[in-house]
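Engineer: this one's structure only:
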């Protein structure tokens with residue numbers, strides 16, 4: 001079973017803009033649905049906080065504290081497909097930064113649930 005970390009959009013989750021929080025991401029991971037090609041163990045779930053400067057340190061701290069290095073990192077559907085989009089950067093830009101800083105592959109989106 002793959003170990004994964006999920007990064008959600010803090011603004012969407014805190015403000016309720018169509019994302020009730022992490023339960024959809026956790027469900028997709030557990031069942032191997034959406035962007036997950038198999039059931040996966042979520043070892044970290046962190047928020048990206050505006051303006052996005054904490055995305056790498058928050059993930060790094062989650063990995064350090066859990067003492068489990070994930071196989072993959074997923075940017076949640078609310079982060080990867082935000083409407084309106086993030087004013088501070090694109091999911092692709094965040095993905096590139098995360099991959100460069102952590103060496104972990106980043107997948108854009110977690111689920112297709114409505």
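Structural biologist: Thanks, I have the structure now. It should be emphasised that the depicted structure is a prediction, and the values quoted were computed from it without experimental measurement.
Engineer: rest of the way, CA atoms for contacts and neighbours
Structural biologist: Will do.
Engineer: where's residue 11 relative to residue 99, distance?
Structural biologist: 22 Å (Cα to Cα, to the nearest Å).
Engineer: no, scratch that, I was asking about residue 61
Structural biologist: 16 Å.
Engineer: and residue 32, by the same measure?
Structural biologist: From residue 32 to residue 99 the distance is 23 Å (Cα to Cα).
Engineer: residue 33 contacts residue 111, correct?
Structural biologist: Yes: using Cα atoms under 8 Å, residue 33 is in contact with residue 111, at 6.8 Å.
Engineer: next SSE downstream of the helix or strand bottoming out on mean pLDDT in the chain?
Structural biologist: Every helix and strand of the chain was ranked by mean pLDDT, DSSP states H and E. The lowest is helix 10-15, at a mean of 81. Per DSSP states H and E, the first helix or strand lying C-terminal to helix 10-15 is helix 23-31.
Engineer: which residues sit against that next one?
Structural biologist: The contact list for helix 23-31, computed with Cα atoms under 8 Å, 6 or more residues apart in numbering, reads 6, 33-36, 38-42, 76-77, 110-111, 113.
Engineer: off-centre distance for it?
Structural biologist: With Cα atoms, centre = their mean, to the nearest Å as the basis, helix 23-31 stands 12 Å off its chain's centre.
Engineer: that one: which residues count as buried?
Structural biologist: The neighbour-count check on helix 23-31 (16 or more other Cα atoms under 10 Å) flags 24-29 as buried.
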